[in-house]
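J.: Output the structure for:
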Amino acid sequence: MASMADEDERQQDRDGIQSREVDESGSVLLFDGDNSQLTMQNSTVNIIGGDYVYCPSRRPKRQGEQMRLKQQAEFGFLSKVKRHLLRATGEVQYLESLPTAMIVEMENGMGNATERFHVDAKNHIGRDVQKIDLKQVHDPMNNQSSRHVMILGEAGAGKSTFSKMYSLAVFEGNVRSLRGIQLVHFVNAATLQFQTPSSAFQLFFIDQMAQYHETKLTSDEGKSGREWIEMNSDKFLIVIDGLDQCLEDFGERKNPTISEMTDAKANDLIANIMSGRIWHHARILTTSRWNIYWKLMIDQKPDKVIALRGLDDENLETAALNLSNCGSTMIDQLRRTSPKILAACRNPMFLNYTTTIYQSDRDNLSDSISGLMAAFFRNFLRSYNVDDFESVTKLAYNGMLDNIFAMPYKYVKKLGVNSNDLNNFCSPGAILENGVNNVTSHDTFYIFSHQTMQVCTIFLYCTV
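T.: As a prediction, the model looks like this:
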């Protein structure tokens with residue numbers, strides 16, 4: 001029988017852990033609003049003040065130094081994934097107005113459309129069956145779980161914003177169907193173009209997170225993170241934004257069947273994640289333009305398709321007011337004078353461009369889409385010092401032809417473009433190889449700040 005002294009010592013141990021929670025805490029991931037606790041092997045993660053905090057065990061001598069270091073590495077991995085998510089979604093604020101999201105019943109193949117299905121100008125075959133809000137994305141459909149959900153829409157439809165807001169909602173525990181998720185990871189597919197063949201964890205975590213010093217994983221954190229993902233894939237949501245910006249197009253060849261440990265190209269890794277062969281219990285959200293959906297193999301297709309149908313009348317006016325104090329006046333003027341422009345403004349990014357022009361020269365607002373975009377770029381060039389805009393449009397055009405959306409320095413130089421002229425059009429990044437970030441001009445790549453910016457410069461290149 002244990003002595004009273006031993007019992008008192010054990011109680012002091014327990015009391016000590018509780019009193020040291022805040023002193024030795026650090027942020028991990030918040031996914032649950034309840035006053036619950038998450039067991040992380042032999043350590044504990046409690047929710048204190050709206051965030052998870054790490055509470056290390058006070059028995060390192062009993063558990064061993066190796067276990068303590070493993071717990072710290074696991075905690076470091078979770079913390080840095082959180083920071084990476086917040087950095088990737090940092091510019092997104094919760095919006096009062098979002099484009100209309102519709103669950104779409106799709107035909108398995110192009111085939112002949114029946115009366116139940118409509119074919120729009122882009123040959124999208126489907127039938128809108130239910131309008132949903134942001135928090136219903138992964139809700140079950142027809143009594144079937146929705147492991148993989150795909151958001152479809154044209155350039156500027158709001159796919160990236162929608163997926164980032166959804167990532168934050170899951171991260172904060174505001175999506176009921178994903179309350180069990182403990183890890184959310186957001187990846188821009190365009191940044192996966194330059195990695196050599198590697199494993200899924202290497203490409204999606206180590207290389208992606210090495211772009212910033214504060215999220216770069218140590219070797220121990222990488223090892224613990226890989227083990228955590230393998231053991232907890234059912235507690236993991238991965239968001240891959242922009243499948244249409246992958247270097248290799250889907251459907252051009254059959255993707256090989258590979259495992260989590262196999263080194264492969266980005267396209268093959270994404271295909272096996274979507275099909276469930278890699279991280280097979282993970283929840284997945286992908287975004288793309290419509291054309292990619294039809295190219296996917298049957299096992300890669302999503303369990304649910306959600307189409308962004310643009311801003312409705314109420315959200316259109318609210319979004320315009322959020323962009324500018326004169327938003328309501330602009331919408332009234334467009335109703336009277338430019339119904340075609342007003343209809344185009346249901347695309348959130350086009351609304352943004354129109355508002356920019358209206359604020360600078362409301363009396364000469366074009367009544368054609370091409371005229372308005374030309375006015376936008378004239379205004380843009382007046383605002384920023386761009387010596388050679390023609391070379392920028394040439395870069396956009398050639399990048400689209402070569403299916404390159406993250407353009408490396410050598411590619412830019414080959415086309416004779418001054419990289420200084422790209423600063424106001426593109427966001428720079430660094431080419432990563434095995435988690436090593438070599439920050440030199442020759443390792444830099446450039447991504448247009450939004451795909452519609454690239455599309456519009458292509459229009460100017462072809463018409464001027």
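J.: Low-confidence regions, this structure specifically.
T.: For the chain, applying pLDDT under 70 flags the ranges 1-63, 93-96, 107-126, 193-195, 252, 377-388, 423-424, 427-443, 449-452, 459-464.
J.: Which SSE is immediately downstream of the longest strand belonging to it?
T.: Longest strand of the chain, by residue count under DSSP state E: strand 125-132. Sequence-wise, the next helix or strand downstream of strand 125-132 (DSSP states H and E) is strand 148-152.
J.: and the angle for that following strand with strand 125-132?
T.: Angle of strand 148-152 versus strand 125-132, following axes from the mean of the first three to the mean of the last three CA atoms, to 10 degrees, is 100 degrees.
J.: now the helix or strand just after strand 148-152, how far from the centre of its chain.
T.: Once strand 148-152 ends, the next helix or strand along the chain (criterion: DSSP H and E) is helix 159-171. How far helix 159-171 lies from its chain's middle: 7 Å, per CA atoms, centre = their mean, to the nearest Å.
J.: Given the following helix or strand past helix 159-171, what are its sheet partners and their directions?
T.: Toward the C-terminus, helix 159-171 is succeeded by strand 183-188 as the next helix or strand (DSSP H and E). Sheet pairing for strand 183-188, assigned by DSSP bridges, gives strand 236-241 (parallel).
J.: Just the residues contacting the strand it pairs with, thanks.
T.: 159-160, 163-164, 166-167, 170, 178, 181-189, 204, 229, 270, 273, 279, 281-287 (CB atoms under 8 Å, 6 or more residues apart in numbering). Bear in mind the C-beta positions are built from the backbone N, C-alpha and C, glycine included.
J.: What are the buried residues along it?
T.: For strand 236-241, the neighbour count (16 or more other CB atoms under 10 Å) marks 236-241 as buried.
J.: same deal with stretch 319-333?
T.: 319-321, 323, 327, 330-331, 333.
J.: ok, now stretch 397-411?
T.: 397-400, 404-409, 411.
J.: for the residues you listed, which one is nearest Thr457?
T.: Lowest distance from Thr457 to these (CB to CB) belongs to Tyr397, with 7.6 Å.
J.: State the helix or strand in which the closest one lies.
T.: helix 389-401.
J.: which helices and strands does that helix pack with?
T.: helix 451-463 (3 or more CB pairs under 8 Å, 6 or more residues apart in numbering; DSSP states H and E).
J.: mind redoing it with 10 Å?
T.: helix 369-383, strand 406-408, helix 409-414, strand 426-430, strand 444-448, helix 451-463 (3 or more CB pairs under 10 Å, 6 or more residues apart in numbering; DSSP states H and E).
J.: circling back: partner strands of the longest strand of the chain, parallel or antiparallel?
T.: With DSSP bridges as the test, strand 125-132 is paired with strand 101-105 (antiparallel), strand 118-119 (antiparallel).
J.: Looking at those strands, which is nearest to Tyr353?
T.: strand 101-105 (22.3 Å).
J.: quick one: which of the strands paired with strand 125-132 is nearest Leu308?
T.: strand 101-105 (5.9 Å).
J.: Domain boundaries for this protein, per the record?
T.: The record's domain parsing of the chain by automatic domain parsing lists 101-308, 313-383, 389-463.
J.: what angle sits between the longest helix along the chain and helix 159-171?
T.: The single longest helix within the chain, with elements called by DSSP state H, is helix 65-88. Helix 65-88 runs at 140 degrees relative to helix 159-171, counting by the same axes, to 10 degrees.
J.: Can I get helix 65-88 in PDB, CA atoms only?
T.: The C-alpha trace of helix 65-88 is given here as PDB (Å, rounded to 0.1, in the frame of the first residue of the first chain):
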ATOM      1  CA  GLU A  65      14.800  12.800 -21.600                       C
ATOM      2  CA  GLN A  66      14.100  11.300 -25.000                       C
ATOM      3  CA  MET A  67      10.400  11.400 -24.400                       C
ATOM      4  CA  ARG A  68      10.500  15.000 -23.200                       C
ATOM      5  CA  LEU A  69      12.400  16.100 -26.300                       C
ATOM      6  CA  LYS A  70       9.900  14.200 -28.500                       C
ATOM      7  CA  GLN A  71       7.000  16.000 -26.900                       C
ATOM      8  CA  GLN A  72       8.800  19.400 -27.400                       C
ATOM      9  CA  ALA A  73       9.400  18.600 -31.100                       C
ATOM     10  CA  GLU A  74       5.700  17.600 -31.600                       C
ATOM     11  CA  PHE A  75       4.600  20.800 -29.900                       C
ATOM     12  CA  GLY A  76       7.000  22.800 -32.100                       C
ATOM     13  CA  PHE A  77       5.600  21.200 -35.300                       C
ATOM     14  CA  LEU A  78       2.000  22.000 -34.300                       C
ATOM     15  CA  SER A  79       2.800  25.500 -33.300                       C
ATOM     16  CA  LYS A  80       4.600  26.300 -36.600                       C
ATOM     17  CA  VAL A  81       1.800  24.800 -38.700                       C
ATOM     18  CA  LYS A  82      -0.500  27.200 -36.900                       C
ATOM     19  CA  ARG A  83       1.800  30.200 -37.700                       C
ATOM     20  CA  HIS A  84       2.000  29.100 -41.300                       C
ATOM     21  CA  LEU A  85      -1.800  29.000 -41.600                       C
ATOM     22  CA  LEU A  86      -2.100  32.400 -40.100                       C
ATOM     23  CA  ARG A  87       0.500  33.800 -42.500                       C
ATOM     24  CA  ALA A  88      -1.100  32.200 -45.500                       C
END
